[in-house]
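>>> Have a look at this fold, sequence not included:
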């Protein structure tokens, strides 16, 4: 079969190559080279097609990133044209036009005064660079002790040494030496972990914990608070309303830089270019982005930083300093051209409004799964949602048996034509933003069947 019209390939040879030579992320080393993850031949719209020609709905949108779907000629043409015109330039001593234009376009849609943009290679390097900026910032200001970072349990911020240290998912720590004495974790804002509290009481508890943590470390030592608007890889954890604004107020009081990690939520996932202000009610000091900025067609990431912060370490206040952090592929012209074309498509096709229009239908569809066997909770914002499953739904505690439920559901859904991202006992859906209401219904219908089949596997009573 062909992966694209006119392009022949041999699936057997590809599988053999992968088994012999490829080391994939999150590889189970005991089974290295023995098995094979599903081989995807090509993508089209909201679907991927596997090596056997089966069309499968891409429920996780790749990894939260294929906003405008697969096979968009506009992106391919932009990439091709820019590669032929200027495939690379060194950002250390030259500049290219696409990066300058993209920086302006992004600055036009960021909240507040976040008008200065630094480009990296992806989400991990975006967050790493933002954190390094806070180090640079405090060193230039003569505050070398103000370096502590506060983050949250179940957060995820990347795979560099620094960003992995800031990620509160214990799975990511296994067999890596990434613990850091200058990083402190506070509670995950998941109200399911606080039985008996109202949302208002839980919010007050979270805010007090943050205040107490800052006081214990010392405000003169805390540099930054790093948080996703919603904790995506942590299981689509959505904090209580007003959480981010109240934390930001404390940060302002103590001159703590508030970084909003929008690697997942930016570029339309929640119906806005950036979700921080319009969806979650906070104007951060720095926003990180990646994934959806190019709809996953090529790698790109970056951060936008407040002019207020920049002013304190530039011009007359620079003290001879250089923000010397950077990458070989910072401001890559082909990646920036892809991002510009991606933003054009989002604007031309009215995708932000479309997301807002179909998000209610998506939420209703997910919530219709309540009452199915083992469904403990539904969480959704924009076009990102999850179904949390537990063998015993009466207890919020997650057991090893619970962690296998998501994998069972994922296997059944794949056989039925839907990719689901299992995160232990949590099944995540964050489809391409172009999905229609009819396609949402199809996706939810398959997930329903997958949950029922997994319940039958567990030999639990299944309601009709």
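Cool, got the structure. This is a predicted model, so every value here is computed, not measured. Numbering: from 1, shown residues only.

>>> can you pull out the helices in this structure?
With DSSP state H as the criterion, the chain has helices at 11-21, 61-64, 73-85, 97-109, 123-140, 161-165, 199-217, 243-253, 275-278, 307-312, 333-348, 351-367, 400-416, 437-457.

>>> residues making contact with the longest one?
Translated: helix 437-457. The contact list for helix 437-457, computed with CB atoms under 8 Å, 6 or more residues apart in numbering, reads 46, 57, 59, 358, 361-362, 365-366, 368-369, 372-375, 387, 389, 405, 408-410, 412-413, 416-418, 420, 427, 429, 431, 435, 462. Where C-beta positions appear, they are placed from N, C-alpha and C, glycine not excepted.

>>> which residues does the residue lying closest to residue 233 once chain neighbours are set aside contact?
Spatial nearest neighbour of residue 233, chain neighbours left out: residue 156 (3.8 Å); criterion: CB to CB, 6 or more residues apart in numbering. Shown in contact with residue 156 (CB under 8 Å, 6+ apart): 167-169, 172, 228, 231-234.

>>> can you pull the contacts of the residue nearest to residue 255 when sequence neighbours are not counted?
Distances taken as CB to CB, 6+ apart put residue 219 closest to residue 255, at 7.5 Å, once the chain neighbours are dropped. Neighbouring residues of residue 219 by CB under 8 Å, 6+ apart: 254-256.

>>> ok, back up a step: how near is the residue nearest to residue 233 to residue 164?
9 Å (CB to CB, to the nearest Å).

>>> list the residues that contact both of these two?
residue 172.

>>> how far away is the nearest residue to residue 190 once chain neighbours are set aside from residue 258?
Leaving out its chain neighbours, the residue that sits closest to residue 190 by CB to CB, 6+ apart is residue 237, at 4.7 Å. To residue 258, residue 237 is 18 Å away according to CB to CB.

>>> Sketch out the low-pLDDT regions of the chain for me.
Applying pLDDT under 70 to the chain flags residues 1-8, 460-464.

>>> Centre-most residue in the protein?
Centroid-nearest residue in the chain: residue 264, 2.7 Å away (criterion: CA atoms, centre = their mean).

>>> Confirm for me that that residue is in contact with residue 289.
No: in this structure residue 264 lies outside contact range of residue 289 using CB atoms under 8 Å: 9.5 Å.

>>> Tell me how far stretch 141-161 lies from the chain's centre.
How far stretch 141-161 lies from its chain's middle: 18 Å, per CA atoms, centre = their mean, to the nearest Å.

>>> If we go by neighbour counts, what in that stretch is buried?
Buried positions in stretch 141-161, judged by neighbour count with 16 or more other CB atoms under 10 Å: 146-160.

>>> just checking, which of those belong to strands?
Among the buried residues of stretch 141-161, DSSP state E puts 148-152 in strands.

>>> any chance of those in CSV, with distance to residue 382 too?
Formatted as CSV, those follow (distance: CB to CB, whole Å):
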residue, distance to residue 382
148, 32
149, 27
150, 26
151, 23
152, 20
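
>>> Out of the residues you listed, which is nearest to residue 279?
Closest to residue 279 out of those is residue 152 (18.1 Å), distances taken as CB to CB.

>>> The closest one: what's it in contact with?
By CB under 8 Å, 6+ apart, the contact list for residue 152 reads 168, 185-189, 227, 231.

>>> So what pairs up with it in the strands?
Beta-bridge partners for residue 152, by DSSP bridges, are residue 186.

>>> what about residue 351, how many neighbours?
21 (other CB atoms under 10 Å).

>>> I meant residue 12, not that one.
When neighbours are counted by other CB under 10 Å, residue 12 registers 10.

>>> do residue 302 as well
Neighbourhood size, residue 302 [other CB under 10 Å]: 29.

>>> What's the separation between the residue nearest to it when sequence neighbours are not counted and residue 162?
Using CB to CB, 6+ apart and skipping residues adjacent in sequence, the residue nearest residue 302 is residue 119, 4.2 Å away. In this view, residue 119 and residue 162 are 18 Å apart by CB to CB.

>>> Can you give me the neighbour number for residue 450?
Around residue 450 there are 23 residues (other CB under 10 Å).

>>> how much space is there between it and residue 224?
Residue 450 is 40 Å from residue 224, by CB to CB.

>>> What is the neighbour count of residue 22?
Applying other CB under 10 Å, we find 14 residues neighbouring residue 22.

>>> Contacts only, for it.
Residue 22 sits next to no residue when contact means CB under 8 Å, 6+ apart.

>>> Report the separation between it and residue 33.
9 Å.

>>> do residue 344 as well
To residue 33, residue 344 is 43 Å away according to CB to CB.

>>> can you check residue 149 too?
With distances taken as CB to CB, residue 149 is found 38 Å from residue 33.

>>> Next, count neighbours for residue 440.
Using other CB under 10 Å: residue 440 sits among 23 other residues.

>>> how near is the closest residue to residue 232 other than its chain neighbours to residue 428?
Leaving aside its chain neighbours, residue 232 sits nearest to residue 264 (4.1 Å; criterion: CB to CB, 6+ apart). Residue 264 sits 10 Å away from residue 428, going by CB to CB.

>>> Residue 328 too?
Distance, residue 328 to residue 428, by CB to CB: 33 Å.

>>> Between these two, which has more neighbouring residues?
The neighbour comparison of residue 328 against residue 428 (other CB under 10 Å) goes to residue 428, with 23 against 10.
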